[in-house]
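Would you be able to build a 3D model of this:
(chains A and B)
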Protein chains: 2
Amino acid sequence: MHPLDEAIDLRASERQELPHEFTGSTHPAYANMVGPFGGTTAAQLLQAALLHPERLGEPVALTVNFAAPVADGDIRFLVRPVRTNRSTQHWIIEAHQMEGVVATATAVFAVRRETWSDVEAVMPANMPAPDTLARMPVKGMPAWPKRYDMRFVEGAFPAAFDEQEQAHSRSNLWVRDEPERPMDFASLAAMSDSFFPRIYIRRRRRALIGTVSLTTYFHADSTLLAQVGARHVLGVAKALNYRHGYFDQTGELWSPEGQLLASTHQLVYFKD
Amino acid sequence: MHPLDEAIDLRASERQELPHEFTGSTHPAYANMVGPFGGTTAAQLLQAALLHPERLGEPVALTVNFAAPVADGDIRFLVRPVRTNRSTQHWIIEAHQMEGVVATATAVFAVRRETWSDVEAVMPANMPAPDTLARMPVKGMPAWPKRYDMRFVEGAFPAAFDEQEQAHSRSNLWVRDEPERPMDFASLAAMSDSFFPRIYIRRRRRALIGTVSLTTYFHADSTLLAQVGARHVLGVAKALNYRHGYFDQTGELWSPEGQLLASTHQLVYFKD
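Model (predicted):
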């Protein structure tokens, strides 16, 4: 069983009334410096809605707010479809531990149908193929980056915090789960949080950071994700603004064929 | 009293227990084709947290999910601080009408402190001053665009739906409340939803649309907003991807001095 599948293996509680309750746990394979990788928590929150018996369609939008440090151990997920329409469904999901709420999420699910479609964002051109690039070294890193095969074209995680400030924080990289795993909504949600905090790329110095809010729009449906399979996808990330303790960064995940699978945005706390 | 202040004038209910309840109403000055302008609903949801007696600091992130059409009339806002930390606070807010939940929001508030700050996004250069540009004609439009003074440099709302597809949907414009109103978090939240749906700019044809999720990151604090005052701010918007009934668009609001006040992202349902 893939470690991500173990991490999102939630157990339904006895509780039958609203909201439904699931229980999961942090997974050591996705540990961060302290507590779990936020992307795995995001995947668990989404999975609670995906597993719900009244679920309609597939996710199109997910926002996760990280309210407090998640302790290693069990997490209770309270999941409630607050509104179900003909082709859309709205969710509120809460993650609880002993001392209270540690994360909240809202999600929009939808039954899609074919329409005129087009991409306006620009996929970086002339990217070298993943197999021509070296994998990012993960020695000395926390567990979670070891669960991704990242091959940077530009904007790699700094090999040393030499405090040489860069002109920008843009990254281009190929990324896939490690070990390989066919992509689904849970892994796409987690991967949307796999872009390193831009302040490290930009300033090349240590900083205490923590994502406070993460939003992902899923442009891919399950048919498109099945076409992507377990291959690398192209990730693009950049920061917009750093001010008074918070910065935001935006990312895109592209299929090798040039389809935008997801766009993702997050606001990050930092202390310099 | 400014119509926006009337629109966000919520009344606390008798209800003392958690969650707190406020009551507001849709405002005819911000009517859309059907129901209210979503930006006003977003401002009301944020205002419910701003008015809460346990509020800590100022908003840094807001996500609003539009769950169902809002009917003209009263709206009940249920607002709950789900987690209060030393310098951050997390909120869940629900908007209810007779037939159930019509919108949900999550918000992050924070007490900020000064840090290294910088902007990486690029403000469009050489924009003509607002007083050298004509205001967008609002005749024949719903009420809400009449509550904004918009002066387009590029990517105006099409004068006619001539079905001449454009290469992109980018807009640059100066925008302020009409009548003038000193900017605050409520007006910034509302203005973040004032960018017209990109599909109209791109395709110049009619489409049924509806925002399903709107996220705004507030880079400005109240001190910076006070410096902006009632002047025009520069808005920039573009689409990323249109696929199978949903597209996303991203926007920025800049002070005349080149500070990024807010970045905003939304996912929009469309039917062509």
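
and A:Ala43, what element?
helix A:38-50 (DSSP states H and E).

That helix near chain B at all?
No - Helix A:38-50 does not reach chain B (C-beta under 8 Å from any C-beta of the partner chain); its nearest approach is 11.9 Å. Every residue, glycine included, has its C-beta placed from N, CA and C.

Then stretch A:149-161?
No - Stretch A:149-161 does not reach chain B (C-beta under 8 Å from any C-beta); its nearest approach is 12.1 Å.

quick one: buried residues of that stretch?
Going by neighbour count (16 or more other C-beta atoms under 10 Å in any protein chain shown), the buried part of stretch A:149-161 is A:Asp149, A:Met150, A:Arg151, A:Phe152, A:Val153, A:Gly155, A:Ala156, A:Phe157, A:Pro158.

Filter these down to the ones in helices?
Within the buried residues of stretch A:149-161, no residue falls in helices by DSSP state H.

What about the residue lying closest to A:Arg113 once chain neighbours are set aside, how many residues nearby?
Excluding the flanking residues, the one nearest A:Arg113 by C-beta to C-beta, 6 or more residues apart in numbering or on different chains is B:Gly245, at 5.8 Å. By other C-beta atoms under 10 Å in any protein chain shown, 22 other residues sit near B:Gly245.

what's near enough to touch B:Gly245?
When contacts are counted by C-beta atoms under 8 Å, 6 or more residues apart in numbering or on different chains, B:Gly245 touches A:Ala110, A:Arg112, A:Arg113, A:Thr115, B:Tyr269, B:Phe270, B:Lys271.

Mind putting the residues you listed into CSV with distance to B:Ser25?
Listed next are these as CSV, based on distance: C-beta to C-beta, whole Å:
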residue, distance to B:Ser25
A:Ala110, 29
A:Arg112, 34
A:Arg113, 35
A:Thr115, 35
B:Tyr269, 25
B:Phe270, 29
B:Lys271, 29
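
Quick check: ChimeraX command selecting the buried ones in these.
Those of these that count as buried under 16+ other C-beta under 10 Å are selected in ChimeraX with:
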select /A:110,112 /B:269,270
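
Dump the contacts of B:Gly245 into CSV; add distance to A:Lys238, secondary structure and pLDDT as well.
Output for the contacts of B:Gly245, formatted as CSV (distance: C-beta to C-beta, whole Å; DSSP: H, G, I helix; E, B strand; the rest coil; pLDDT from 0 to 100):
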residue, distance to A:Lys238, secondary structure, pLDDT
A:Ala110, 28, strand, 98
A:Arg112, 28, coil, 97
A:Arg113, 33, coil, 95
A:Thr115, 29, coil, 97
B:Tyr269, 27, strand, 98
B:Phe270, 27, strand, 98
B:Lys271, 32, strand, 96
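
Correct me if wrong, but A:Leu62 is in a strand.
Yes - counting by DSSP: H, G, I helix; E, B strand; the rest coil, A:Leu62 is located in a strand.

so who does it touch?
Counting by C-beta under 8 Å, 6+ apart, A:Leu62 touches A:Ala42, A:Leu45, A:Leu46, A:Ala105, A:Thr106, A:Ala107, A:Val108, A:Ala189, A:Thr215, A:Thr216, A:Phe218.

Excluding chain neighbours, what is closest to A:Ser25?
Among residues not flanking A:Ser25 along the chain, A:Asp74 sits closest, at 5.2 Å (C-beta to C-beta, 6+ apart).

Identify each buried residue in stretch A:33-40, please.
Residues A:Gly35, A:Pro36, A:Phe37, A:Gly38, A:Gly39, A:Thr40 are the ones in stretch A:33-40 that count as buried (16+ other C-beta under 10 Å).

And the furthest pair within those?
Among the buried residues of stretch A:33-40, the pair separated by the greatest distance (C-beta to C-beta) is A:Gly35 and A:Gly39, at 12.4 Å.

just to revisit the earlier point, residues near the residue nearest to A:Ser25, how many?
Residues lying near A:Asp74 (other C-beta under 10 Å) number 13.

A:Glu6 now?
A:Glu6 sits with 14 neighbouring residues when counted by other C-beta under 10 Å.

Would you mind pulling the contact partners of the strand or helix carrying it?
Using DSSP H and E, A:Glu6 falls within helix A:3-7. The contact list for helix A:3-7, computed with C-beta under 8 Å, 6+ apart, reads A:24, A:26-27, A:29-30, A:40, A:43-44, A:147, A:177, A:181, A:186-187, A:190.

Past it, which element shows up next along the chain?
Using DSSP H and E, the helix or strand that follows helix A:3-7 in sequence is strand A:11-12.

Next secondary structure element downstream of that following strand?
Later in the chain than strand A:11-12, the nearest helix or strand by DSSP H and E is strand A:20-25.

residues contacting A:Ile75?
A:Ile75 makes contact with A:Thr23, A:Gly24, A:Ser25, A:Thr26, A:Thr41, A:Gln44, A:Ala95, A:His96, A:Gln97, A:Val102, according to C-beta under 8 Å, 6+ apart.

what's the closest of the buried residues of stretch A:33-40 to A:Ile8?
Nearest to A:Ile8 among these: A:Thr40, at 7.7 Å, using C-beta to C-beta.

Return the distance of the residue nearest to that closest one when sequence neighbours are not counted relative to chain B.
In this structure, A:Thr40 finds its nearest non-sequential neighbour in A:Tyr30, 4.2 Å apart by C-beta to C-beta, 6+ apart. Applying C-beta to the nearest C-beta, to the nearest Å, the value for A:Tyr30 to chain B is 22 Å.

Retrieve the pLDDT associated with A:Tyr30.
Model confidence at A:Tyr30, given as pLDDT, is 98.

burial count for it?
Neighbours of A:Tyr30 using other C-beta under 10 Å come to 25.

From what I see, A:Met123 and A:Trp254 are in contact.
Yes - contact criterion C-beta atoms under 8 Å: A:Met123 and A:Trp254 qualify, at 5.0 Å.

quick one: which of these two has more around it?
A side-by-side neighbour count of A:Met123 and A:Trp254, using other C-beta under 10 Å, places A:Trp254 first with 22 against 17.

The more buried one: what's it in contact with?
A:Met123, A:Val233, A:Leu234, A:Gly235, A:Val236, A:Leu260, A:Leu261.

tell me which of those is nearest to chain B?
Comparing the contacts of A:Trp254 against chain B with C-beta to the nearest C-beta places A:Leu260 closest, at 4.2 Å.

what bridges to that closest one?
For A:Leu260, the beta-bridge partners are A:Trp254 (DSSP bridges).

again with A:Ala105
For A:Ala105, the beta-bridge partners are A:Val64, A:Ile93 (DSSP bridges).

how much space between it and B:Thr63?
Note on A:Ala105: its distance to B:Thr63, by C-beta to C-beta, to the nearest Å, is 10 Å.

Touching both of the two, which residues are there?
Counting by C-beta under 8 Å, 6+ apart, the shared contacts of A:Ala105 and B:Thr63 are A:Thr63, A:Asn65, B:Thr106.

Show me which of the residues you listed is closest to A:Pro19.
Of those, the one sitting nearest to A:Pro19 (C-beta to C-beta) turns out to be B:Thr106, at 15.5 Å.

That closest one: what's it in contact with?
A:Thr63, A:Asn65, A:Thr104, A:Ala105, A:Thr106, A:Ser213, B:Leu62, B:Thr63, B:His90, B:Trp91, B:Ile92, B:Ile93.

Make sure A:Trp91 is actually in contact with A:Thr84.
No - the pair A:Trp91 / A:Thr84 is not scored as a contact, 9.6 Å apart, by C-beta under 8 Å.

hmm, back to that, could you dump the contacts of B:Thr106 into CSV with pLDDT added?
Formatted as CSV, the contacts of B:Thr106 follow (pLDDT from 0 to 100):
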residue, pLDDT
A:Thr63, 99
A:Asn65, 98
A:Thr104, 98
A:Ala105, 98
A:Thr106, 98
A:Ser213, 98
B:Leu62, 99
B:Thr63, 99
B:His90, 98
B:Trp91, 98
B:Ile92, 98
B:Ile93, 98
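
In a markdown table: those, plus distance to A:Met1.
Below are these laid out as a markdown table (distance: C-beta to C-beta, whole Å):
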| residue | distance to A:Met1 |
| --- | --- |
| A:Thr63 | 29 |
| A:Asn65 | 29 |
| A:Thr104 | 28 |
| A:Ala105 | 24 |
| A:Thr106 | 29 |
| A:Ser213 | 31 |
| B:Leu62 | 38 |
| B:Thr63 | 33 |
| B:His90 | 33 |
| B:Trp91 | 37 |
| B:Ile92 | 34 |
| B:Ile93 | 39 |
